[in-house]
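Asker: Based on what follows, work out the 3D shape:
(chains A and B)
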Amino acid sequence: MKKKQILLYTAFFLIMALLPLVANSKWLAVGTTFLIFSVVALSQDIVLGKAGMFNMGQALFFGLGAYTTAILNAKFNWPLLATMPLAILVPALFGILLAGPIIHLRGDYLLVTTIGFNIVFVQVLQNNLGGITGGPNGIFGVESLSLPGLADSPQTSAFYLSLIVLLITFVLMHNLEKSKAGRALHYLREDDLAAGAIGINTRVYKIFSFGLGAGMAGMAGTIYANQYSAVSPEAFDFVQSVLFFSIVIVGGSSIPGILLGVFLMFVLPEIFRDFATWRYFIFGIAMIMTMILRPRGLWPASFGNIPKELIRGDQNGR
Amino acid sequence: MADNTLVLTNVTKRFGGLVAVDDLSFTVKQGQIYGIIGPNGAGKTTVFNCITGIHPCEEGSINWCGEEIRLLSPHKIVQRGIVRTFQTIRLFSQMSVAENIMSGRHIKSSQGWWNAIVPTPGSKKDEKKNWQRVGELLDFFDLSDVTVNAAGSLPYGTQRRVEMARAMATEPKLLILDEPAAGLNDQETLGLIETIYKIKDLGVTILLIEHDMDLVMEVTEYLTVINFGKKIAEGTPDVIQKDPAVIEAYLGSEDDDE
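Answerer: This next block holds a predicted model:
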């Protein structure tokens, strides 16, 4: 990583870590949701931003993780953190199973299919499948984790837990970017025919991106269930998927871009809550303007992060 | 047949009612520079698409090193040492030249998908080794001045070189070039010829389609001429140039295709 990046991320985490000292519990809750949504948006970025597949059902995997945690914790009394591995594995497995038969679809066709999956998922939850999803009301009474030393403030605990999960997500995104599989996803987005013709198993890597994105979204599901002590179907419906989709498109496929996107799409409306419905009006216009003026997003992905020893002389790139 | 020989036998490819490749047979021997020529729309690129698995053909046989590869998917064919470039350059245009070439190292990399989540010392070493190889290819193809440039922003001739470098990164035994000189100026074409010879010297067999007759006649050792998907002649460049059927195909149907 470049020095500037390290500085930027350190500053971000410092500010975030200090936030509980200045924010009241309402704003801390907004901050926590910002962190949770950032993890989901980053997971969406793996499928949409990196691999370039129009997945508009990310809320499904987010919800699957949240429900896995809620069911295991509230109904079977598993400790909250113990549910996390399953909350990652179950969505990842579903991601792989659902992606398998639809992965050859392109663009808009894939988009419609994933919307369909999302709608079916919410219907299943509302109809209380197997008597464990709690129907339209969802599941209450999920444990609020208290981190050591923060027993008196569950909101602060939830905030720090989310911050830790976001940090883990950053590490994962970094590892992905520096690996063969991560690059393969970029090649798929740029030109999947050429990617196949150079030896990349396009099908496997497309499914891989779905599985990884789903697992990451599931991980966010655990901290979501912890934050609200409850899960309900409407939190994971198709409109929520549209939100995550828009965050990646408006923000751009980069970590700063995604964080900016979540901030604009989620935190800013909270700040301007006093303006009631007007905020969404301005918001819509802002989204349109972003797409016209910066079609690749506010902070687009940057390429050319290659080992220094390959770069001769003083090339500046583009 | 000997090693590294590509044998097409009675290959036929139909698109609906259109017979794009009709009962075509030819043999490319190890170390050759083999050319396929023919008027526009003769089905040359379709032949390449059949060999590389992009459009598998329904009839006939494509045999490589003694193995039938007709129905294999594109990435499996690359793993067996056949790689191609495209007539309309298909680079990963937003990505840097180095990253484009690195894509060719994909099949040579020992990393598993799990290394994208948890890197290991082994995967880091593998990563380093492959980048090093990219560095060598950048030098070989004289691209080290544009290492970090976005591939899509480069001049056409340079993009062609990047595409060839990317293909060579897979360490192929057979390199298939689809009209490598298309869109190049004279000087770039001379450079291309030099590059083709350099690749041949590495022991790579080359199969190419080309419109630039000067280039074809100079570099290829053996030619197959096709028209309307059918082979109309084959032989060395000297023989082909005098073949009446070839002359007729080129003069007689100059502008009724495409």
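Asker: At which residues are the strands of chain B located?
Answerer: B:6-15, B:18-28, B:33-37, B:59-64, B:67-68, B:82-84, B:174-178, B:205-209, B:222-227, B:230-235 (DSSP state E).
Asker: Just give me how far the shortest one sits from the chain centre.
Answerer: When you say that, I think you mean strand B:67-68. 19 Å (C-alpha atoms, centre = their mean, to the nearest Å).
Asker: Likewise for stretch B:10-29?
Answerer: Shown here is stretch B:10-29, whose average C-alpha point lies 18 Å from the average C-alpha point of the whole chain (C-alpha atoms, centre = their mean).
Asker: quick one: contacts of that stretch?
Answerer: Contact with stretch B:10-29 is made by B:2, B:5-9, B:34, B:36, B:43, B:46-47, B:50, B:55, B:57-62, B:174, B:205, B:207, B:224, B:226, B:228-231, B:234, as judged by C-beta atoms under 8 Å, 6 or more residues apart in numbering or on different chains. All C-beta spots, glycine's among them, are computed from the backbone N, C-alpha and C.
Asker: try stretch B:30-39
Answerer: When contacts are taken as C-beta under 8 Å, 6+ apart, the neighbours of stretch B:30-39 outside the stretch itself are B:2-5, B:26, B:28, B:44, B:47, B:173, B:196, B:200, B:203, B:205-211, B:213, B:216, B:219-227, B:232, B:237, B:240, B:249-250, B:253-254, B:257.
Asker: Please indicate which of these are buried?
Answerer: In the contacts of stretch B:30-39, burial by neighbour count holds for B:4-5, B:26, B:28, B:44, B:47, B:173, B:196, B:200, B:205-210, B:216, B:219-220, B:222-227, B:232, B:237, B:240, B:249, B:253, counting by 16 or more other C-beta atoms under 10 Å in any protein chain shown.
Asker: residue nearest the centroid of chain B?
Answerer: The geometric centre of chain B, computed from its C-alpha atoms, lies nearest to residue B:176 (C-alpha atoms, centre = their mean), at 2.0 Å.
Asker: give the contact list for that one.
Answerer: B:48, B:51, B:52, B:82, B:83, B:84, B:85, B:206, B:207, B:208.
Asker: just the helices in chain B please.
Answerer: Secondary structure of chain B, counting by DSSP state H: helices at B:44-51, B:74-79, B:97-104, B:121-140, B:156-168, B:186-201, B:213-219, B:237-242, B:244-252.
Asker: Enumerate every residue touching residue A:259.
Answerer: Contacts were defined as C-beta under 8 Å, 6+ apart; by that measure residue A:259 touches A:12, A:38, A:251.
Asker: how about those residues in a markdown table, adding pLDDT?
Answerer: Listed next are the contacts of residue A:259 as a markdown table, based on pLDDT from 0 to 100:
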| residue | pLDDT |
| --- | --- |
| A:12 | 93 |
| A:38 | 96 |
| A:251 | 89 |
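Asker: Quickly name whichever of those is closest to chain B.
Answerer: Using C-beta to the nearest C-beta, the shortest approach to chain B within the contacts of residue A:259 belongs to residue A:251, at 17.0 Å.
Asker: okay, now that closest one: neighbour count?
Answerer: A count of neighbours around residue A:251, defined by other C-beta atoms under 10 Å in any protein chain shown, yields 27.
Asker: Find the nearest non-adjacent residue to it, please.
Answerer: residue A:261 (2.5 Å; C-beta to C-beta, 6 or more residues apart in numbering or on different chains).
Asker: and that neighbour, what does it touch?
Answerer: Listed by C-beta under 8 Å, 6+ apart, the contact set of residue A:261 reads A:41, A:246, A:247, A:248, A:250, A:251, A:252, A:297, A:298.
Asker: so the last one is in which element?
Answerer: Residue A:298 is part of no helix or strand when elements are defined by DSSP states H and E.
Asker: And it, how far from chain B?
Answerer: With distances taken as C-beta to the nearest C-beta, to the nearest Å, residue A:298 is found 17 Å from chain B.
Asker: Tell me, how many residues neighbour that residue?
Answerer: Residue A:298 is surrounded by 17 other residues when neighbours are defined as other C-beta under 10 Å.
Asker: hang on, the earlier thing: quick one: pLDDT of the residue nearest to the centre of chain B?
Answerer: pLDDT recorded at residue B:176 is 95.
Asker: One more: the one 4 residues further on?
Answerer: What the model reports for residue B:180 is a pLDDT of 91.
Asker: rewinding a little: mean neighbour count, the strands of chain B: which tops it?
Answerer: Using mean count of other C-beta atoms under 10 Å in any protein chain shown, the stretch among those with the largest mean neighbour count is strand B:82-84, at a mean of 27.
Asker: what's the spacing between that strand and its chain's center?
Answerer: How far strand B:82-84 lies from its chain's middle: 5 Å, per C-alpha atoms, centre = their mean.
Asker: swap in stretch B:234-254?
Answerer: When distances are taken as C-alpha atoms, centre = their mean, stretch B:234-254 is centred 23 Å away from the chain's centroid.
Asker: before we move on, what about stretch A:61-72?
Answerer: Computed by C-alpha atoms, centre = their mean, the chain-centroid distance of stretch A:61-72 equals 15 Å.
Asker: With stretch A:294-307 instead?
Answerer: Between the mean C-alpha point of stretch A:294-307 and the mean C-alpha point of its chain there is a distance of 19 Å (C-alpha atoms, centre = their mean).
Asker: hmm, who's touching that stretch?
Answerer: Among residues not part of stretch A:294-307, those counted as contacts by C-beta under 8 Å, 6+ apart are A:49-50, A:177, A:186, A:248-254, A:256-257, A:260-261, A:264, A:290, A:317-318, B:94-96, B:98-99, B:102, B:128, B:131, B:134, B:147-150.
Asker: okay, it in PDB with CA atoms only?
Answerer: Only the C-alpha atoms of stretch A:294-307 are listed here, as PDB (Å, rounded to 0.1, in the frame of the first residue of the first chain):
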ATOM      1  CA  ARG A 294     -18.900  10.800 -13.000                       C
ATOM      2  CA  PRO A 295     -20.200   7.700 -14.700                       C
ATOM      3  CA  ARG A 296     -17.600   5.500 -13.000                       C
ATOM      4  CA  GLY A 297     -18.600   6.700  -9.600                       C
ATOM      5  CA  LEU A 298     -17.400   9.400  -7.200                       C
ATOM      6  CA  TRP A 299     -14.200   7.600  -6.400                       C
ATOM      7  CA  PRO A 300     -13.600   5.000  -9.100                       C
ATOM      8  CA  ALA A 301     -11.400   2.000  -8.900                       C
ATOM      9  CA  SER A 302      -7.800   2.600  -9.700                       C
ATOM     10  CA  PHE A 303      -5.600   0.100 -11.400                       C
ATOM     11  CA  GLY A 304      -1.900  -0.200 -11.900                       C
ATOM     12  CA  ASN A 305      -1.100  -1.200  -8.300                       C
ATOM     13  CA  ILE A 306       1.800  -3.300  -9.400                       C
ATOM     14  CA  PRO A 307       5.100  -4.100  -7.700                       C
END
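Asker: Is there a neighbour count for the residue nearest to residue B:54 when sequence neighbours are not counted? I'd like the number.
Answerer: By the measure of C-beta to C-beta, 6+ apart, the closest residue to residue B:54 outside its immediate chain neighbours is residue B:74, 5.8 Å from it. Applying the criterion other C-beta under 10 Å, we find 25 residues in the vicinity of residue B:74.
Asker: what's the closest of the helices of chain B to residue A:163?
Answerer: Comparing the helices of chain B by their distance to residue A:163 (C-beta to C-beta), the top pick is helix B:121-140, with 27.5 Å.
Asker: circling back: list buried residues within the contacts of stretch A:294-307.
Answerer: Buried among the contacts of stretch A:294-307 (16+ other C-beta under 10 Å): A:49-50, A:177, A:186, A:248-254, A:257, A:260-261, A:264, A:290, A:317, B:94-96, B:98-99, B:102, B:131, B:134, B:147-150.
Asker: Quick check: phi and psi on the residue nearest to residue A:206 when sequence neighbours are not counted?
Answerer: Closest residue to residue A:206 in three dimensions, ignoring its sequence neighbours and counting by C-beta to C-beta, 6+ apart: residue A:103, at 4.7 Å. Its backbone dihedrals place residue A:103 at phi -70, psi -20, with angles given as degrees, to the nearest 10.
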